[in-house]
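**Student:** Kindly return the folded structure for what I paste below:
(chains A and B)
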Amino acid sequence: MLAVKSPIRVTVNGSDIETSASDLAALIVDMDFAGERVATAVNGEFVRKDARASLRLAPGDRIEILSARQGG
Amino acid sequence: MTVIDTPSSLASGLTFYGQPVSSRMLLGTALYPSPQVMADAVEASNCGIVTVSLRREAARGRMGERFLDLIKRLGVLVLPNTAGCRTARDAVTTAMMARELFGTDWIKLEVIANDDTLQPDLFGLVEAATILNAEGFKVFPYTTEDLGAADRLVAAGCKVLMPWGAPIGTGRGLANPYALKTMRNYFPDIPLVVDAGIGAPSHAAQAMEMGFDAILLNTAVAKAADPVRMARAFAGAIASGREAYEAGLMEMRDMAAPSTPVAGTPFFDLEPSAARPRQARGK
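**Tutor:** Numbers count the residues shown, from 1 in each chain, chains lettered A, B, ... in the order given. Model (predicted):
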């Protein structure tokens, strides 16, 4: 029998969303960021690209997905 | 060659963390009317380093991708910033994200203390710089002229300091030239970059004449009526200021001294009273 993961609520870039992704790498794919050069942090801590798949998401996590931008 | 070119010889010897730089001008990439104008201004300035940042990406927005592609085409070094961070922790996390995204361990470290002045939080700055230096970053701290904080930043491992000229975006020039001059004299061997508050090419030239190593600016170019021409104007001023510093400025003096030779002056042997019309003597 397949275990169906129930969705959890997390905050991505300041917006509350519901997701069935169990880890950060899956969330990146689900939100259509795959293939884009982004950097991530969860609950204020940097998460390296190669560590996203092992970062398990928990309800209430605050996730930042940032990309390059103009700066002074 | 025109006068507004930046001869490479003027930048010779300047290195940031061992990296030779081709120009003493660092240019921000924000606030331009369009990405193309920004690219043209960067090209016109001949600057070898541009500042960049990170911001939240929207799903399928691809803004970051487009910006990265544009920067890559410019062929310049990038100096990512931690703009907007108000705590050392946020700045450290942002720096780590920037290192992965831009592929550089350079970081312009900003920890902001106050929304009105955008002045650096010197306590948070030293705290973040200490952590980032230990993590292998090459930290360019945006700081004030405070020598105590500067000493701590150097002790933390910073090999470049970036004191403000005036608060970010004000264009007021060098608000405290005395303190900046003191800082220059206090750190003769550390590259010092005046960052923020520069509004006109004359401000940049003033800082360069004082012996600062480079200028970092953004708004004064981006918000000019013609950013490309203004970028060129700043490049010329920065190069001229450096040339003047290396040439050695004359000592300022209180009393006038004639520049035209005194010897051979006609009527020099006459008494002033005899040479001057009676009515001009006020009698």
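
**Student:** residue contacts, A:Thr19?
**Tutor:** A:7-10, A:27, A:30, A:57 (CB atoms under 8 Å, 6 or more residues apart in numbering or on different chains). In short, each C-beta sits where N, CA and C put it, glycine included.

**Student:** So for it, what's the pLDDT?
**Tutor:** Note for A:Thr19: predicted pLDDT of 96.

**Student:** got it, and B:Phe234?
**Tutor:** With respect to pLDDT, B:Phe234 has a value of 98.

**Student:** before we move on, back to that, from the contacts of A:Thr19, list just the buried residues.
**Tutor:** Buried positions within these, assessed by neighbour count (16 or more other CB atoms under 10 Å in any protein chain shown), are A:8, A:10, A:27, A:57.

**Student:** Now the helix or strand the third one falls within: buried residues?
**Tutor:** Secondary structure assignment for A:Leu27, by DSSP states H and E: helix A:24-30. Within helix A:24-30, the residues that qualify as buried are A:24-28, counting by 16+ other CB under 10 Å.

**Student:** circling back to that earlier point, and of the contacts of A:Thr19, the nearest to B:Tyr178?
**Tutor:** Nearest to B:Tyr178 among the contacts of A:Thr19, counting by CB to CB, is A:Val10 at 52.0 Å.

**Student:** hang on, that closest one in a helix?
**Tutor:** No - judged by DSSP: H, G, I helix; E, B strand; the rest coil, A:Val10 forms no part of a helix; its state is strand.

**Student:** isn't it right up against A:Glu64?
**Tutor:** No - applying CB atoms under 8 Å, one finds A:Val10 not in contact with A:Glu64, separated by 11.3 Å.

**Student:** Any idea how many residues pack against A:Ser6?
**Tutor:** A count of neighbours around A:Ser6, defined by other CB atoms under 10 Å in any protein chain shown, yields 7.

**Student:** list the contacts for it?
**Tutor:** With the criterion set at CB under 8 Å, 6+ apart, A:Ser6 makes contact with A:Ser20.

**Student:** would it count as being in a strand?
**Tutor:** No - under the criterion used here (three-state DSSP), A:Ser6 is coil, not part of a strand.

**Student:** Check the gap between it and A:Ser22 for me.
**Tutor:** In this structure, A:Ser6 lies at 11 Å from A:Ser22, with CB to CB, to the nearest Å as the measure.

**Student:** Identify the residue nearest residue 61 in space, chain neighbours excluded?
**Tutor:** Going with chain A. Nearest in space to A:Asp61, with sequence neighbours left out and distances taken as CB to CB, 6 or more residues apart in numbering or on different chains, is A:Val10 at 4.5 Å.

**Student:** you looked at the wrong chain, it should be chain B
**Tutor:** Going by CB to CB, 6+ apart, B:Gly61 has A:Ser67 as its nearest residue, at 7.8 Å.

**Student:** Before I go, just wanted to say thanks for your time.
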